[in-house]
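Colleague: I'll drop the sequence and a predicted model, then ask my questions.
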Amino acid sequence: MPKMNVKKGDKVQVLSGKDRGAQGEVLRAFPREGKVIVEGVAVVKKAQRPTQENQNGGFKEIEAKIDASNVMLVCPECGKPTRVGHATNDEGKKVRVCKKCGAQF
């Protein structure tokens, strides 16, 4: 099981693939699979069957899962994509730390 440094609600930048360079918020994280869903990234079309609510059916655009190794956390302080370090804060809790500026998040 891979260790993930990104969580739901984090701002990330895509490092590889067709959406390289795009930034967005993590909508869902799947730690067991090592994948994340990022807002506005890896958009695919999904066919929808006609239902009571949607009489016509058609196509719906949704975000697909991408590998967590293909995204990098964007630091809220310096605004740059950065690697993540770990440290303990004043209360003794383990927190994530920006490797560039040292900010905690």
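Modeller: Sure thing, it's come through.
Colleague: Can you tell me what sits against the longest strand along the chain?
Modeller: Selection of the longest strand in the chain by residue count, based on DSSP state E, yields strand 23-30. When contacts are taken as Cβ atoms under 8 Å, 6 or more residues apart in numbering, the neighbours of strand 23-30 outside the stretch itself are 4, 6-14, 35-41, 63, 65, 68, 71, 74. Where C-beta positions appear, they are placed from N, C-alpha and C, glycine not excepted.
Colleague: Pull out the buried residues from these.
Modeller: A residue is treated as buried here by neighbour count (16 or more other Cβ atoms under 10 Å); on that basis the buried members of these are 4, 6, 10-14, 35-38, 41, 63, 68, 71, 74.
Colleague: mind checking how far the longest strand of the chain is from the chain centre?
Modeller: With Cα atoms, centre = their mean, to the nearest Å as the basis, strand 23-30 stands 3 Å off its chain's centre.
Colleague: which other helices and strands contact the helix or strand following it?
Modeller: Moving toward the C-terminus from strand 23-30, the next helix or strand (DSSP states H and E) is strand 35-38. Contacts defined by 3 or more Cβ pairs under 8 Å, 6 or more residues apart in numbering; DSSP states H and E place strand 35-38 against strand 11-14, strand 23-30, strand 66-67.
Colleague: and the gap between Gly85 and Leu15?
Modeller: Distance from Gly85 to Leu15, counting by Cβ to Cβ, to the nearest Å: 18 Å.
Colleague: mind checking pLDDT for the most centrally placed residue in the chain?
Modeller: Centroid-nearest residue in the chain: Val26, 3.3 Å away (criterion: Cα atoms, centre = their mean). We note a pLDDT of 98 for Val26 in this prediction.
Colleague: wait, Ala103 sits on Arg96?
Modeller: No. Taking contact to mean Cβ atoms under 8 Å, the distance of 9.5 Å between Ala103 and Arg96 leaves them out of contact.
Colleague: Is Ala29 bridged to anything, and to what?
Modeller: Val36 (DSSP bridges).
Colleague: That'll do, ta.
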